[in-house]
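Q: How does the following fold in three dimensions:
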Amino acid sequence: MARLPRLYAPQVPQLAQVRFAHPLAAPADPAPADKLDLLAGWLRDAAKDHAVPVHGWVLLGDRLAVLATPPGPGSLSRLMQAVGRRFAARLQHGRVYAERYRSALVQPGRWVLPALVWLERLPVQYHYVDRAEQWPWSSATRHLGNNGPASRWGTEHVDYWHEGNTPFDRQARYGQRLGQGLAQADQRRIEEALFGQWALGDPDFLAGIRPLATRRLGPAARGRPRKAAPPPEAPPQAAPEVSPQAAADPAQE
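A: As a prediction, this is how the structure comes out:
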C-alpha cells in the first residue's frame, strides 16, 4: 500500500511524533539525562535553523513529539531530519527513527491546547513521572513557569496566551488543564488523528482548509464507490390514432 504524502495546510499547527529505532532507556530505567540533553539542544537548534515555531515538545526514552506551526510544506520534515542526522552522528550510528514521523493538523481555538496537554502528559502516561512538570525534557516546565533549560526556548501559540492576561494567570490556568488531563474521548480523537495522519477539527474548520491542504483530510469511505443510478426509463408512447376511414383504406395514409 502506497504511503500517504505529508498533510499540510498554511498556518495550521501540526502535532507530530516519531519513535526511535532503539530506545535510549526503558521507562523503569534511570533517565539517560546526558543523551536527552543533547537531543533537546538539537531540537532547539533545528527549530531555529528551519524557522519552525515550536509550541510544545517532549522527549522520552523512545520518542520525540512536537506541536508546531510549520511555515512551509517541508519545514517540519526538515526539522525532524536535522535532529535525526545529529542523532546518527553523535549517539547512534545507522537508522535512528523506527518509522516515518506521524502528524496531524490541529484546529486552533479548539484542539491546540488539548493536543499540548496530550503531548506534555506523555511522561505521566508512560510512567516516567507522576506529574508532567517533573519531567525536565518537555515544554511543560515553560508553560508552568518553572526555571530550567527547557523553559528558555519555544514559541507560544495564541491559544496559550488566551489562557490569561498575565503570565501567572496563564501558568495557573494551564496548570489546571495539565493536572486534570484529558477526557477519554478527547484523547482518543487526538490519537486517532495523529496515528491516522489526518486533520483534527470540527466540520467548519475542515471545510475551510480543504481547498488549501496538500491531500485529503480524512480516511476515504470504505468499500467500492457507489455506482451511479441508471436514468429513469422513458414512459411508453401511445400509438397514434387511426381514423376509421384510413383503417378501411390503407392507401390513404
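Q: helices or strands up against the helix or strand containing Gln176?
A: Per DSSP states H and E: Gln176 is located in helix 167-180. Using 3 or more CB pairs under 8 Å, 6 or more residues apart in numbering; DSSP states H and E, the elements in contact with helix 167-180 are helix 112-120, helix 140-143, helix 158-161. (Each C-beta comes from the backbone N, C-alpha and C, glycine too.)
Q: ok, what's across the strand from the residue minimising distance to the centre of the chain?
A: Among the residues of the chain, Ala104 comes closest to the average C-alpha position under CA atoms, centre = their mean, at 1.8 Å. Beta-bridge partners recorded for Ala104 (DSSP bridges): Leu15.
Q: what's the distance between it and Arg63?
A: Between Ala104 and Arg63 the distance is 15 Å, computed by CB to CB, to the nearest Å.
Q: Also Arg102?
A: Note on Arg102: its distance to Arg63, by CB to CB, is 10 Å.
Q: who touches both of these two?
A: A shared contact of Arg102 and Arg63, defined by CB atoms under 8 Å, 6 or more residues apart in numbering, is any residue touching both; here these are Gln17, Val18.
Q: I'd say the residue nearest to the centre of the chain and Glu191 touch.
A: No. Ala104 is beyond contact range of Glu191, at 9.2 Å (criterion: CB atoms under 8 Å).
Q: which regions of the stretch 1-150 of the chain lie under the pLDDT threshold?
A: Scanning the stretch 1-150 of the chain for pLDDT under 70 picks out the ranges 1-2.
Q: Just the helices from it, written as ranges.
A: Taking DSSP state H, counting those that start in this stretch to define them, one finds helices in the stretch 1-150 of the chain at 33-49, 75-90, 112-120, 122-125, 140-143.
Q: so which of the ones you listed comes closest to Val12?
A: Closest approach to Val12 among those is made by helix 112-120 (10.0 Å; CB to CB).
Q: what angle separates the closest one from helix 167-180?
A: Using axes from the mean of the first three to the mean of the last three CA atoms, to 10 degrees, the interaxial angle of helix 112-120 with respect to helix 167-180 works out to 60 degrees.
Q: by contact count, what packs against helix 112-120?
A: When contacts are defined as 3+ CB pairs under 8 Å, 6+ apart, helix 112-120 sits against strand 14-19, strand 54-59, strand 63-68, helix 140-143, helix 158-161, helix 167-180, helix 184-196.
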